[in-house]
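*Asks:* okay, predicted coordinates and the sequence, questions at the end:
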Amino acid sequence: MTINERYKRKEKPVVYQVFTRLFGNRNTVCRENGTLEENGCGKMNDFTLPVLKRIKDMGVTHIWYTGVIRHATVTDYTKYGIPSQNKDVVKGIAGSPYAITDYYDIDPDLAEDVEHRMEEFEQLIERTHKAGMKVVIDFVPNHVARQYKSVCKPQGVLDLGESDDTTMHFSPQNNFYYCWGRPLDLYDVGYASSDYVELPAKATGNDRFDNRPGRNDWYETVKLNYGIDYCDAGGRSEHFSPTPDTWHKMTDILLFWASKGIDGFRCDMAEMVPSAFWEWATKKVKSRFPLIVFIGEVYDPSRYRTYIASGFDYLYDKVGMYDCIRDVICARRPAGDITYQWQATDDIRNNMLYFLENHDEQRVASDFFAGDAVKALPGVIVSVLMQTNPFMLYAGQEFGEKGMCKEGYSGCDGRTTIFDYWAVDTLRRGYFERRKMAMAERSLESAYKTVLRLANEEKAIREGCFFDLMYVNQHIADKQYVFLRKKGDDMIIVAANFSSDVKECDVVVPSHAIDYLEIVPGSHEAVDLLTGNKTEVKIMPDESFSIIIPPYSGKVLKICQRKETEELSFLF
């Protein structure tokens with residue numbers, strides 16, 4: 001499939017995040033804090049064409065392969081010329097994928113043949129495109145592993161920190177920040193003594209500019225210097241002219257991976273890197289690869305518009321929509337509060353990425369969230385169908401993965417580990433041993449597939465207008481949420497029920513909606529796109545119609561007005 005063929009039709013992005021190390025691991029028994037030899041590891045080659053086509057069939061447009069760039073690990077790959085890492089500055093046995101040790105390399109854990117790991121990644125890109133999906137990988141711009149050393153960088157490229165003046169706490173042309181001759185002290189991390197030596201200590205990734213990070217800090221990483229002096233005598237100061245060396249090196253890394261044929265970057269903690277860099281770098285990348293997308297992890301709503309203006313196509317809507325829908329699912333907020341969240345970002349609505357799970361957040365089915373994956377289905381319906389912006393789901397979410405294992409460094413916290421070698425039972429059954437799937441897993445997968453497919457199969461969802469009905473339906477705002485989508489002759493009524501009970505709701509359609517969306521008043525045949533059942537809906541200005549919504553589910557009623565429109569034209 002050519003690039004033009006992949007992009008010729010407008011689409012609503014549906015991103016499937018896979019933690020690559022875990023996805024294809026089919027071990028049935030894993031040991032807490034187990035090694036690679038004990039617990040096994042998924043490989044890039046586990047994403048065969050049939051597996052990729054199954055993911056595509058769910059309605060997915062993009063796969064985010066999390067953790068493919070080489071990162072710090074305790075596993076020894078020195079026989080392949082890969083430098084070893086000190087266990088005191090690695091989180092877990094497998095290590096965090098956000099502690100990059102070589103920006104120009106593929107993680108050896110993921111390769112069948114370590115010496116040909118880059119070729120295996122290139123083949124993965126090719127297979128993914130052949131399956132009809134686009135490829136997203138991580139770009140981790142704010143920090144690197146403490147023992148960062150590239151052995152795969154192109155000829156003539158200087159390593160990060162290679163030409164730094166380590167006698168200076170800050171210099172615009174340094175890649176790192178230094179702690180004036182003081183050694184790194186890991187006592188507060190839990191090591192009274194350590195054989196790891198770092199002198200002078202580098203600043204820690206989460207903006208710790210002293211030499212003594214704690215266990216809750218990103219102690220395994222070091223902060224990259226983009227020309228901001230965070231400890232200036234007068235406060236924070238910016239030094240962007242001449243262009244800092246880090247800007248050049250990190251942009252070259254983006255261009256390196258873009259040249260491999262990937263389709264997008266998910267940029268970790270983008271808001272910890274100055275927006276001026278993003279504006280500079282994204283222009284350079286998009287001038288050569290105009291179709292590539294940038295997805296930013298930004299949590300401060302006051303800075304959303306700044307980062308979008310700096311070149312980001314999409315930003316996480318975490319502290320707004322995610323937090324709200326999670327609270328609605330957990331009965332901590334009324335469903336009507338969803339209105340306030342989309343209104344807060346209405347001017348940038350196409351740039352906001354909705355989700356209910358990712359590697360940082362707790363699994364919906366975990367004891368720390370809803371305890372039951374089915375309870376999230378109305379939230380999925382709303383998140384996927386409400387706007388034209390992207391939706392993202394995390395592999396295993398569609399099978400009800402609970403994330404309640406105690407894998408090792410991660411502990412039992414309702415999240416699927418990113419630090420340990422492990423296997424995810426729901427993924428093993430869902431993709432490699434489907435005959436062993438439980439009925440509940442099959443049912444949930446079917447529900448996700450039905451909703452996700454609508455995102456691009458229905459033009460009213462993919463690119464249509466959105467009209468929130470809650471301002472005239474406050475009588476159902478505690479547990480239900482209703483809205484309209486419309487494109488041309490197709491209109492869709494979406495009603496989500498966050499209650500455990502069947503609800504019969506009287507839904508009012510205001511005259512303003514009738515006029516704005518050019519709805520033909522009267523009785524219409526409607527088909528529920530979730531079930532295929534047909535019903536009759538009478539829509540009149542400022543009047544209500546009755547709709548029965550199943551518990552923890554919804555109705556997605558499609559009305560095609562073409563017939564009625566043609567009949568009216570004939571009469572006149």
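*Replies:* In hand now; what should we look at?

*Asks:* off-centre distance for stretch 251-259?
*Replies:* 21 Å (CA atoms, centre = their mean, to the nearest Å).

*Asks:* pull out the buried positions in that stretch.
*Replies:* Of the residues in stretch 251-259, those scored as buried under the neighbour-count criterion (16 or more other CB atoms under 10 Å) are 251-254, 257-258. Glycine gets a C-beta too; all of them are placed from N, C-alpha and C.

*Asks:* mind putting those into CSV with pLDDT, distance to S163 and secondary structure?
*Replies:* Shown next, in CSV, are those (pLDDT from 0 to 100; distance: CB to CB, whole Å; DSSP: H, G, I helix; E, B strand; the rest coil):
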residue, pLDDT, distance to S163, secondary structure
T251, 98, 17, helix
D252, 98, 15, helix
I253, 98, 17, helix
L254, 98, 21, helix
W257, 98, 23, helix
A258, 98, 25, helix
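
*Asks:* regarding the protein, what is its longest helix?
*Replies:* When secondary structure is assigned using DSSP state H, the longest helix within the chain turns out to be helix 439-457.

*Asks:* what lies in contact with the helix or strand that comes right after it?
*Replies:* Proceeding N to C from helix 439-457, the next assigned helix or strand is helix 459-463, under DSSP states H and E. Contacting residues not belonging to helix 459-463 are listed as 10-12, 384-385, 388, 454-456, 485-488, 490-492, 558 [CB atoms under 8 Å, 6 or more residues apart in numbering].

*Asks:* quick one: buried residues of helix 459-463?
*Replies:* The neighbour-count criterion (16+ other CB under 10 Å) identifies 459-463 as the buried residues of helix 459-463.

*Asks:* just the endpoints, please. Distance across stretch 226-235?
*Replies:* The first and last residues of stretch 226-235 sit 16 Å apart, counting by CA to CA, to the nearest Å.

*Asks:* again with stretch 146-165
*Replies:* Here the two ends of stretch 146-165 are set 17 Å apart, with distance taken as CA to CA.

*Asks:* over to stretch 176-194?
*Replies:* According to CA to CA, stretch 176-194 extends 22 Å from its N-terminal end residue to its C-terminal end residue.

*Asks:* what's the average pLDDT for that stretch?
*Replies:* For stretch 176-194, mean pLDDT is 94.

*Asks:* and for stretch 317-334?
*Replies:* Summarised as a single mean, pLDDT over stretch 317-334 is 98.

*Asks:* how about stretch 470-479?
*Replies:* Across stretch 470-479, pLDDT averages out at 98.

*Asks:* for that stretch, which residues meet the burial criterion?
*Replies:* For stretch 470-479, a neighbour-count test (16+ other CB under 10 Å) marks 470, 472-473, 476-477, 479 as buried.

*Asks:* what's it in contact with?
*Replies:* Outside stretch 470-479, the residues within contact range by CB under 8 Å, 6+ apart are 334-336, 338-339, 480-483, 497-499, 503, 505-510, 542.

*Asks:* just the ones of the residues you listed in strands?
*Replies:* Cross-referencing those with the strands (criterion: DSSP state E) gives 480-483, 497, 503, 505-509 as the overlap.

*Asks:* need the pLDDT of R562.
*Replies:* The score at R562 is 66. That number is its pLDDT.

*Asks:* what does T531 give?
*Replies:* Model confidence at T531, expressed as pLDDT, equals 97.

*Asks:* ok, C231 next?
*Replies:* On the pLDDT scale, C231 gets 87.
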